[in-house]
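Undergrad: only geometry, no sequence info:
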């Protein structure tokens with residue numbers, strides 16, 4: 001194999017290798033170096049097994065004021081939305097140990113103000129309500145990947161994370177078993193320069209192709 005062909009294949013492999021699921025929070029932190037974290041602890045609500053607060057809005061961002069609280073309940077980098085009403089759950093709500101966010105319809109979406117390289121979120125479950133779900137990850141209108149997950153009821157759930165060199169602009173989290181959405185906590189996201197940007201990878205690939213074409217013309 002020629003050197004130019006090897007470079008092209010290596011560049012394409014690098015892009016593919018960096019579009020993948022992230023196994024745990026430590027791996028995510030190493031990818032984005034900390035990033036931004038929404039822990040959903042900023043909303044004031046009393047602890048209790050049945051304590052949750054309907055926000056009476058379908059969209060939540062850093063400018064939102066809900067039930068007399070806000071702004072800056074979440075960071076400016078992400079917007080949370082649901083087809084119904086968003087709900088802020090107290091610590092202790094149906095067996096969960098910390099405050100969290102959910103919605104009254106089955107899909108909870110996260111939109112990023114600017115594309116991120118990676119994200120991770122704790123998927124939680126109400127006591128008695130185990131569920132399976134789907135995560136759809138987008139760059140603009142392009143579907144990058146679809147991940148399956150499952151959460152046991154009454155637990156702090158499972159970690160769901162993903163990275164892509166192409167940039168992630170939207171994540172849709174769907175509960176496949178109930179009319180309400182997945183429950184999320186500790187949403188962490190950010191960018192990394194640990195690998196070349198997609199434009200750099202494309203330029204590298206095009207450069208390799210150019211070398212191959214020149215060599216073919218010379219060989220004739």
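TA: All right, it came through fine. Computed from a predicted model, the values in this text were never measured in an experiment.
Undergrad: Please, which helix or strand holds residue 169?
TA: Using DSSP states H and E, residue 169 sits within strand 158-175.
Undergrad: Can you tell me the strand partners of that strand and which way each runs?
TA: The sheet places strand 158-175 alongside strand 20-22 (antiparallel), strand 107-124 (antiparallel), strand 131-139 (antiparallel), with pairing taken from DSSP bridges.
Undergrad: Mind putting these into JSON lines with distance to residue 158 and mean neighbour count?
TA: Heads up, the C-betas are built off the backbone N, CA and C, glycines and all. Below are these laid out as JSON lines (distance: least, C-beta to C-beta, whole Å; neighbours: other C-beta atoms under 10 Å):
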{"stretch": "strand 20-22", "distance to residue 158": "12", "mean neighbour count": "16"}
{"stretch": "strand 107-124", "distance to residue 158": "5", "mean neighbour count": "21"}
{"stretch": "strand 131-139", "distance to residue 158": "10", "mean neighbour count": "19"}
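Undergrad: Take those strands and write them to a markdown table, including mean pLDDT.
TA: Shown next, in a markdown table, are the strands paired with strand 158-175 (pLDDT from 0 to 100):
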| stretch | mean pLDDT |
| --- | --- |
| strand 20-22 | 96 |
| strand 107-124 | 97 |
| strand 131-139 | 97 |
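Undergrad: between these, which gets nearest to residue 192?
TA: The minimum distance between residue 192 and those falls on strand 107-124, with 4.7 Å, by C-beta to C-beta.
Undergrad: now the closest one, how far from the chain's geometric center?
TA: Here the centre of strand 107-124 is set off from its chain's centre by 3 Å, with C-alpha atoms, centre = their mean, to the nearest Å.
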